[in-house]
Structures are given as C-alpha cells and as structure tokens.
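Peer 1: just a sequence and a predicted model for now, questions to come.
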Amino acid sequence: MLNRGERAGANASFWERTAQKFSTAPLQQDITVDVCVIGAGIAGVTTAYVAARENRSVVVVDDGPVGGGMTGRTTAHLVNAIDDRYIDVEKFLGEECARLTAESHTAAIDCAERIAREHNIDCDFERVDGYLFLPPGGSVTELMDELAAIHRAGLVGVERVESVPNTKINSDAVLRFPRQAQFHPLKYLNGLAGVIIDGGGKIFTGTRVVSVEDGDHVKIQTADGYTITAGAAVVATNCPINDRLVIHSKQAPYTTYAICLRVTRPVDHALFWDTAQTAEGEKQEIGPAPYHYVRFARGEQGDVLIVGGEDHKSGQAEDCAQRFAKLERWARERFPFIGEITDHWSGQVMESVDGVAYIGRNPGDNNVYVVTGDSGNGITHGIFAGMLIVDLIVGRENPWAKLYDPSRKTLKPRVLADYIAENANVAAQFRDYVTPGSVKSLGEIKPGEGAVLRDGLKKIAAYRDENGNLHAFSAVCPHLGCVVRWDACEKTWDCPCHGSRRDSRLLALQKRERFAFAMLHLVHCALARVFVRTPPKKFCAMPKPAAGEMVVGNFHDNFRINRFPFAGAVRAPTARSSGRVAGESGWFLQRFKFFR
C-alpha cells in the first residue's frame with residue numbers, strides 16, 4: 001500500500017518511475033512566516049521560490065511528497081500553444097487578453113529555462129518545436145482563423161507548414177510553434193525544492209492542512225494540531241481545499257489518460273497536438289473537446305514517446321482500459337518508430353468555463369490566494385502563477401492580474417452556456433442518492449477492488465484490500481455532497497462533481513470536514529428516506545459483513561473519512577459471539593446513533 005499522498009493513482013507515471021520524489025519530515029511545531037504555500041506541485045514550489053527571491057520567509061506544506069499530486073501525472077508540455085484556442089480567448093475576453101495569455105505562457109517557458117540553467121538543475125530541459133494539426137476531415141478554415149488570432153496575440157513566429165515531420169500524420173493544414181519546451185517535471189521540482197531549502201525556506205511533507213482562515217494574519221491548521229501563521233497563504237492544490245462553491249462552480253474536472261512507449265530509433269524531439277480527436281469534436285461548442293497530445297522523453301534505456309488524450313468528466317466513465325487501448329492504436333497508426341508500452345496512467349485537468357486559469361486572490365479573501373483551472377496547461381500556468389501571486393503579495397502591479405482574477409465574470413453567451421451545462425451536469429450526479437449501488441453485496445467485491453453499494457437508505461463506498469480486509473465508508477463526498485465512484489484503473493474514489501481523487505481507503509478527506517461530513521451524511525439519509533422506501537429499522541444502519549469478515553477503520557485517524565468509527569479492525573459477529581462491539585467503537589455508537 002502506498003503512503004498517504006505518495007501519488008494520485010495506483011499506476012505510476014513515467015516521471016514517478018524514473019525519479020524519486022523529494023520528501024522531508026512533517027511539521028511538528030507552530031510557526032510564523034511571511035508566506036505559506038499549501039501544495040508542493042509546480043505552482044506551489046514555484047511560488048515559494050519566487051517569494052524567497054523577494055526575501056520573504058516561506059514554508060511549503062503538502063500531505064505527500066513534492067510532486068505527489070497532478071504535477072507527477074502531467075506530460076509536462078511547456079507551451080504557449082494553449083489548449084483553449086486564442087480565437088476563443090479573443091471572443092470571450094478580448095484581443096488584449098489573448099495577447100496577455102500568449103505573453104504569460106511565453107514568460108513561463110523562459111522562467112523555467114532560466115531557473116534550470118541558473119541552478120544547474122538536471123531536468124532534461126530542452127527547446128523543441130510544436131506541431132498543431134487537424135484530425136481527419138478537420139476544418140482548414142478554422143485552423144487558419146486560429147493562426148490569424150495567434151499572430152494578433154503576438155506569436156508572429158508561428159507559421160503554417162506542409163507536414164508533421166517524422167510521423168505518418170496526414171493533415172490538410174499544420175501549424176508550427178517554435179521555441180516550445182519540455183522537461184522532466186519531478187527532476188525539476190526536486191532541484192527547485194533544494195534551492196528553496198538552501199536559501200532558508202522550509203518544506204514539510206506529510207503535513208495535511210485542514211483549514212485556512214483569512215485575516216490580517218492567515219491561520220493555517222494542520223491535521224496534527226499545529227498552526228502556521230502567515231502574512232499570506234497560497235492554496236496550490238489543483239482542486240482548491242479552501243473553497244466550497246465559488247471556484248468549483250466555475251470549473252469542471254476532467255480525467256485524461258497517458259501511455260508511454262519505447263522509441264526504436266533516433267528521432268528529433270518535438271511536441272504534437274491535434275485540434276480534436278475527431279472532426280466532429282472540433283465542432284463541439286459546450287465543454288472542452290478531447291484531443292491528443294504527444295511528446296518525447298529521455299528514458300533509462302533510450303527515448304520514449306508519451307501520448308495522452310481520451311478525456312472525460314472525472315468519475316463519469318468506467319472504460320479506462322478501452323481508453324488506453326484507443327491511445328495505443330492511435331499512436332501506432334501515426335508514429336512508426338514506437339515499440340512496447342512501458343507505462344500508463346491517468347491524471348486530472350481542471351477546465352475553467354472561459355478557458356483561462358484562476359490565479360490570484362481567493363474570492364472574498366484578502367490574504368488567501370488560489371491557483372486552479374489550468375485547462376490542460378498546468379505547467380506553464382503553475383510557473384507564471386508564482387510570478388503573478390508574489391507580485392500581488394508584495395503589492396506590485398502585474399499586467400496579468402485582471403486576466404486571471406478568480407473573481408472575474410465572463411458573460412459571453414457561449415461561456416454562460418458552458419457554465420450552465422457543467423453545473424447541470426453536477427446537479428445530475430445527485431441522482432446517485434436514489435439509484436442502486438454498483439454491486440448488491442459486500443461479498444461481490446474481490447481483493448483489490450472497490451464498489452459503491454446501497455444499504456437501506458444510504459450509499460457505502462467499500463474497498464477490499466489485497467489481504468481480504470474490507471474498508472467501508474460513507475460514499476458521500478464532504479465537499480459538495482456527491483456520491484464518489486470507483487476508478488478501477490487507478491484504484492481511487494473520484495468525485496463526479498468537483499473532481500477530488502482519494503485513494504482506496506479514502507485518505508484524502510480532511511479533519512476540518514468532520515462536522516460537515518456528519519451533517520452531509522444526515523442529509524444523505526434524509527433524502528434517501530424521502531425517495532427510497534425502506535423499513536425504519538434500516539435507517540442509517542451499518543451494512544452487515546459476513547460472519548468472520550473484517551471491516552477496517554480507525555476512529556482516531558479516520559473519523560473524517562470513516563463513518564464506521566471502529567477503534568481498530570472489527571470482525572463481524574460469528575454465530576458464537578454475543579454480537580457486542582467492543583471498546584471505543586461500542587462507546588461511540590451507543591452515544592451517536594445516527595452513525596449506525
């Protein structure tokens with residue numbers, strides 16, 4: 001079993017397989033600093049580095065190692081060829097905003113190169129060309145309109161070329177983006193983390209934050225009971241942990257897949273993207289159109305090709321194996337020099353309604369800042385987020401601040417339609433309260449598998465570990481109250497509403513959610529009682545494991561995640577037992593019967 005926060009899925013990415021993640025001891029005392037950064041991914045570590053360069057005292061905290069979240073699941077394209085087209089940014093936000101978008105992403109690439117060189121970080125950084133091409137039957141006219149918008153945004157070096165080199169890709173039009181870049185994200189983060197510590201900054205991994213309270217001095221509470229007092233706090237956790245509604249309602253989580261294949265002969269490195277997976281996808285008006293994205297990387301036994309795509313709303317598909325197979329088939333048809341698959345994994349992308357990230361002061365707060373809504377460009381967004389947020393903290397004007405302001409409202413009809421559609425999708429997920437479970441009994445769950453099942457009026461998330469022990473919890477996510485769903489490929493519980501990904505034992509829930517979790521459970525039961533006819537004695541009753549079967553939980557550590565707060569491993573009563581639950585669990589259940 002992985003350590004808590006070690007990585008965001010059971011399948012190791014190519015980066016996770018080829019680099020050890022930077023870790024330190026957890027925070028073990030109250031501290032006071034100028035800037036506290038929550039999240040040790042590309043955005044958090046870059047923000048800490050830039051703040052330290054401004055002579056601010058800095059601390060970074062993360063419940064896992066550096067790069068243990070989505071930065072370790074990325075494919076690490078450093079590009080100004082944004083996922084959401086420049087012509088759309090023009091339509092939604094104006095031509096000046098499109099220019100600032102190009103400027104900020106270009107600045108991020110330059111910043112990464114400068115940092116890697118200045119500090120001699122061995123991270124395989126290299127400048128490469130990128131090629132944007134059409135799917136079969138794609139629109140040449142639309143691509144030429146995009147080229148015109150790209151030039152208006154200031155990227156005048158982008159040009160139309162006749163073909164995509166070193167591939168079997170056939171496209172009626174191709175755009176070449178010069179001076180893009182790529183690197184090994186974990187090697188880069190490891191080096192940057194070392195620079196921060198050498199400069200007097202502090203990093204504490206294995207430290208879970210449970211609350212962030214704004215004020216003249218921000219109070220950050222950890223799960224171990226320690227307090228960080230800071231002049232400013234930056235929440236850089238991909239999916240913000242401090243915002244329950246405002247940000248979540250303006251972005252949507254999408255799962256994306258990647259495979260890594262050996263390269264069988266020398267090939268010049270480049271980046272490749274199609275405008276959509278199909279010509280029909282190009283016409284999609286609402287929501288992001290899935291597309292393929294490709295790069296090379298240097299492996300221990302030679303180069304590899306990393307191919308990504310096949311996106312879908314998080315928690316709303318159960319065909320991950322087929323999606324990996326589609327990626328492989330697509331890649332082999334276009335890249336004749338690839339061999340065996342070495343790695344496969346999935347990650348998550350937060351898609352904002354207008355295609356632009358949310359970077360800046362958290363809505364309603366004075367000294368709390370957020371970074372999210374990366375829309376598939378998480379590496380460059382994360383890097384210039386550090387530049388932008390530190391400018392805001394020190395009171396310096398930044399030309400990108402208005403563009404990325406998390407409080408902005410984009411009232412264009414297509415953006416409003418996307419906002420309504422995505423939130424309607426979230427609302428639709430609450431049907432899970434009244435639907436059957438994915439299995440009918442605990443006995444159907446095999447070792448290494450999880451499932452959601454109904455027990456009377458409620459939904460239970462149950463996972464059976466490789467030793468046969470059963471881990472059973474409420475299936476209700478405490479953020480927005482949706483019912484989580486099992487990801488069989490990554491062995492995680494994914495929220496179909498706001499995208500939280502938890503490991504098989506639901507270890508991502510936080511102590512700050514104890515009360516909210518209990519209240520949501522009561523609401524869950526009440527709603528189910530309205531819509532599901534069940535005898536009163538079944539109301540909020542615990543599912544009955546088979547005789548001798550073990551249900552695992554832990555009251556002290558897992559109250560926040562375990563609606564069945566047993567002191568340890570509790571066996572179901574056998575025919576010879578009295579049926580009493582011993583110890584702490586019995587005491588608790590006698591006094592708080594709504595947990596039963």
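Peer 2: Arrived safely. Residues are numbered from 1 along each chain as shown.

Peer 1: show me the helices in this protein, by range?
Peer 2: 14-18, 42-53, 86-93, 95-118, 140-152, 185-198, 279-282, 320-334, 378-394, 401-404, 413-428, 514-531, 555-558, 583-591 (DSSP state H).

Peer 1: who's the residue most central in space within the chain bridged to?
Peer 2: Compute the mean C-alpha point of the chain, and by CA atoms, centre = their mean the closest residue is residue 348, 4.3 Å away. Taking DSSP bridges as the rule, residue 348 bridges to residue 255.

Peer 1: in stretch 135-152, what counts as buried?
Peer 2: Within stretch 135-152, the residues that qualify as buried are 135, 138-139, 142-143, 146-147, 149-150, 152, counting by 16 or more other CB atoms under 10 Å. In short, each C-beta sits where N, CA and C put it, glycine included.

Peer 1: which residues does that stretch contact?
Peer 2: 85-87, 89-90, 95, 98-99, 102, 132, 134, 158, 160, 170-173, 175, 274-279, 281-282 (CB atoms under 8 Å, 6 or more residues apart in numbering).

Peer 1: the helices of the chain: lowest mean pLDDT?
Peer 2: When the helices of the chain are ranked by mean pLDDT, helix 555-558 comes last with a mean of 28.

Peer 1: that older thread, so the residue nearest to the centre of the chain makes contact with residue 255?
Peer 2: Yes: applying CB atoms under 8 Å, one finds residue 348 in contact with residue 255, separated by 5.7 Å.

Peer 1: now do the shared contacts for the two.
Peer 2: In contact with both residue 348 and residue 255: residue 314, using CB under 8 Å, 6+ apart.

Peer 1: burial count for the residue lying closest to residue 157 once chain neighbours are set aside?
Peer 2: Once flanking residues are discounted, residue 157 sits nearest to residue 178: 4.9 Å by CB to CB, 6 or more residues apart in numbering. Residue 178: 12 surrounding residues under other CB atoms under 10 Å.

Peer 1: what of residue 124?
Peer 2: 18.

Peer 1: so how far is residue 83 from it?
Peer 2: 23 Å (CB to CB, to the nearest Å).

Peer 1: do residue 189 as well
Peer 2: Counting by CB to CB, the gap from residue 189 to residue 83 is 22 Å.

Peer 1: again with residue 267
Peer 2: From residue 267 to residue 83 the distance is 24 Å (CB to CB).

Peer 1: coming back round to it: can you pull the contacts of the residue nearest to residue 157?
Peer 2: By CB under 8 Å, 6+ apart, the contact list for residue 178 reads 129, 157-158.

Peer 1: quick check: bridge partners of residue 463?
Peer 2: Bridge pairing for residue 463 - DSSP bridges - gives residue 450, residue 471.

Peer 1: that one contacts residue 484, correct?
Peer 2: No: using CB under 8 Å, residue 463 is not in contact with residue 484, being 11.1 Å away.

Peer 1: residues contacting residue 217?
Peer 2: 229-231, 367.

Peer 1: a markdown table for those, including pLDDT?
Peer 2: A markdown table is the format used below for the contacts of residue 217 (pLDDT from 0 to 100):
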| residue | pLDDT |
| --- | --- |
| 229 | 98 |
| 230 | 98 |
| 231 | 98 |
| 367 | 98 |
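
Peer 1: give the ChimeraX command for selecting the buried subset of the residues you listed.
Peer 2: Under the burial definition 16+ other CB under 10 Å, those of the contacts of residue 217 that qualify are selected in ChimeraX by:
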select :230,231,367
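
Peer 1: looking at the contacts of residue 217, which is nearest residue 206?
Peer 2: residue 230 (19.4 Å; CB to CB).

Peer 1: ok, the residue lying closest to that closest one once chain neighbours are set aside - contacts?
Peer 2: The shortest distance from residue 230 to any non-neighbouring residue, by CB to CB, 6+ apart, is to residue 36 (3.8 Å). Counting by CB under 8 Å, 6+ apart, residue 36 makes contact with 58-61, 218, 220, 228, 230, 232-234.

Peer 1: for the closest residue to residue 233 other than its chain neighbours, what are its contacts?
Peer 2: Leaving aside its sequence neighbours, residue 233 sits nearest to residue 218 (CB to CB, 6+ apart; 4.2 Å). Going by CB under 8 Å, 6+ apart, residue 218 touches 36, 212, 229-233, 367-368.

Peer 1: where in the stretch 351-500 of the chain is pLDDT low?
Peer 2: Applying pLDDT under 70 to the stretch 351-500 of the chain picks out residues 410-434, 478-480, 497-499.

Peer 1: can you do 90?
Peer 2: For the stretch 351-500 of the chain, the stretches flagged by pLDDT under 90 are 351-355, 373-376, 408-444, 448-449, 451-462, 466, 468, 470-500.

Peer 1: show me what the mean pLDDT comes to for stretch 28-36.
Peer 2: In the prediction, stretch 28-36 has an average pLDDT of 98.

Peer 1: mind listing what's buried along that stretch?
Peer 2: Neighbour-count burial for stretch 28-36 [16+ other CB under 10 Å]: 31, 33-36.

Peer 1: tell me which of the residues you listed fall in strands.
Peer 2: 31, 33-36 (DSSP state E).

Peer 1: verify the stated contact: residue 192 with residue 121.
Peer 2: Yes: using CB under 8 Å, residue 192 makes contact with residue 121 at a distance of 6.8 Å.

Peer 1: so what sits against both of the two?
Peer 2: With CB under 8 Å, 6+ apart as the test, residue 192 and residue 121 both reach residue 115.

Peer 1: which one of the contacts of residue 218 is nearest residue 492?
Peer 2: Set against residue 492, the nearest of the contacts of residue 218 by CB to CB is residue 212 (24.2 Å).

Peer 1: correct me, but that closest one touches residue 241?
Peer 2: Yes: using CB under 8 Å, residue 212 is in contact with residue 241, at 7.4 Å.
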